[in-house]
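Peer 1: Build me a structure from this.
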Amino acid sequence: MIEAEGLTKRYGDKLAVDHISFRVEPGKVTGFLGPNGAGKSTTMRMIMGLDRPTAGHVHLNGQPYASLRSPLTEVGALLEAKAVHTGRSARNHLRALAATHGISDKRVTEVIAMTGLSEVAGKRVGGFSLGMGQRLGIAAAMLGDPRTLILDEPVNGLDPEGVLWVRTLVRFLAHSEGRTIFLSSHLMSEMALTADELIVIGRGRIIASGPVSEIVARGTRSTVRVRSPHATRLAELLAGPDVVVTATEPGLLEVFGPSAEQVGDTAAAAGLTLHELTPVRGSLEDAYLSLTQDEVEFHAEAPHESAPTDAPATGATSTTEEVR
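Peer 2: Below is the predicted model:
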């Protein structure tokens, strides 16, 4: 379990993490979301003892990371995949880590096979692609067979097969083996498939937390898509103070307010034919954008409509990597 209480980090005038408290429980995959500059990486670094909190504390299984007697066998982390000796082979990199905790060479071979690196285990890490580097980072995190995994953007650079592998792995480790999994990602569609719980952070503060379904429901509004040859009449019957009806094309309505059942009952009572009646729920991406729209620190302007399609966005500001 990971427990943070009043966790705060300031870099000079920059408040990167602002008095946040949360718990990451075993048996679940907990996703950590937020825009660039929100404080995600800083928070993860404080969990791992790489940055000292300005205030507050964070414990892993009841104690600070620095107090763990055998950290590699208790907590595995992927925070920076490129933090390796580029002149070493993948196998020797893992062997060096294993030697610090008396981990057998057999286990090194196991994690190499587990992460799909068997064919390149003897090659120098400096020649690895981004995806191969991510696999090596996950292998290092799994080396001590830890009960807790902290993964910062684990699917970055992976191909679709690799993304599916990470999703299957972390869900198995959490649901079947009861481990604590804490991961971040910018891929909303993947997080929706992987995570059970979410913590959403913006400008160093937690702005939402809870099960994925609750976060989506809180940050989006459900609509009903209705297709009917009597769309105009149906729109008139549905009109009300808490109802919004939009005609997206002839014969097709999007209705916000009443449920699909209520729309269907209204149509049936009036004898109106329906060709489609579909409840449409918002996605995690919709919810995330809604929750964080006022928390984005770095904005870019959209291209002007008159600009050529291959022209760069006029006046766009460059994004900045997250504060670490």
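
Peer 1: Give me the neighbour count for Ser104.
Peer 2: A count of nearby residues for Ser104, using other Cβ atoms under 10 Å, gives 9. C-betas here are computed from N, CA, C, even on glycine.

Peer 1: Identify the residues contacting the closest residue to it other than its chain neighbours.
Peer 2: Once flanking residues are discounted, Ser104 sits nearest to Ala98: 7.2 Å by Cβ to Cβ, 6 or more residues apart in numbering. Going by Cβ atoms under 8 Å, 6 or more residues apart in numbering, Ala98 touches 104-105, 107-108, 143.

Peer 1: Kindly recompute the last result at 10 Å.
Peer 2: Counting by Cβ atoms under 10 Å, 6 or more residues apart in numbering, Ala98 touches 72, 104-108, 111, 140, 143-144.

Peer 1: Next, find the distance separating it from Met114.
Peer 2: For Ala98, the distance to Met114 equals 14 Å [Cβ to Cβ, to the nearest Å].

Peer 1: again with Asp18
Peer 2: 38 Å.

Peer 1: who's more crowded, those two?
Peer 2: Just comparing Asp18 and Met114: by other Cβ under 10 Å the higher neighbour count belongs to Asp18, 18 against 15.

Peer 1: In a strand, that one, correct?
Peer 2: Yes: secondary structure of Asp18 (DSSP: H, G, I helix; E, B strand; the rest coil): part of a strand.

Peer 1: Which residue, other than its chain neighbours, is closest to it?
Peer 2: With sequence-adjacent residues excluded and distances taken as Cβ to Cβ, 6+ apart, Asp18 is closest to Gly204, at 3.8 Å.

Peer 1: Then Asp145?
Peer 2: For Asp145, the nearest residue in space outside its immediate sequence neighbours is Thr73; the separation is 6.6 Å by Cβ to Cβ, 6+ apart.

Peer 1: Correct me if wrong: the one you found contacts Ala141.
Peer 2: No: contact criterion Cβ atoms under 10 Å: Thr73 and Ala141 do not qualify, at 11.7 Å.

Peer 1: Show me which of these two is the more surrounded one.
Peer 2: Ala141 (22 against 16).

Peer 1: tell me the contacts of Leu151?
Peer 2: Applying Cβ under 10 Å, 6+ apart to Leu151 gives the contacts 29, 32, 44, 76-79, 134, 137-138, 141, 166, 169-170, 181-185.

Peer 1: From these, which land in helices?
Peer 2: Among the contacts of Leu151, the members falling in helices (DSSP state H) are 44, 134, 137-138, 141, 166, 169-170.

Peer 1: quick one: which of those residues is most hemmed in?
Peer 2: Ile138 (28 neighbours).

Peer 1: per-residue pLDDT, it?
Peer 2: Ile138 carries a pLDDT score of 94 in this model.

Peer 1: Return the residues in contact with it.
Peer 2: By Cβ under 10 Å, 6+ apart, the neighbours of Ile138 are 76, 78, 81, 111, 114-117, 149, 151, 154-155, 158, 162, 165-166, 169-170.

Peer 1: Which residue ranges of this structure form helices?
Peer 2: 40-47, 71-74, 90-99, 105-114, 130-142, 160-175, 188-194, 212-219, 231-238, 260-269, 284-292.

Peer 1: can you tell me which residues contact the spatially closest residue to Arg281 that is not a sequence neighbour?
Peer 2: Distance criterion Cβ to Cβ, 6+ apart; nearest residue to Arg281, sequence neighbours excluded, is Ser222 at 5.2 Å. If you count contacts by Cβ under 10 Å, 6+ apart, Ser222 has them with 216, 255-257, 259-260, 279-282.

Peer 1: how near is Asp105 to Ile112?
Peer 2: Using Cβ to Cβ, we find Asp105 at a distance of 10 Å from Ile112.

Peer 1: Between the two, tell me which one has more neighbours.
Peer 2: Comparing Asp105 with Ile112 by other Cβ under 10 Å, the one with more neighbours is Ile112, at 21 against 12.

Peer 1: check contacts around the more buried one.
Peer 2: With Cβ under 10 Å, 6+ apart, Ile112 has these contacts: 90-91, 94, 118-121, 135-136, 139, 143.

Peer 1: switch the cut-off to 7 Å
Peer 2: 90-91, 94, 118, 121, 139 (Cβ atoms under 7 Å, 6 or more residues apart in numbering).
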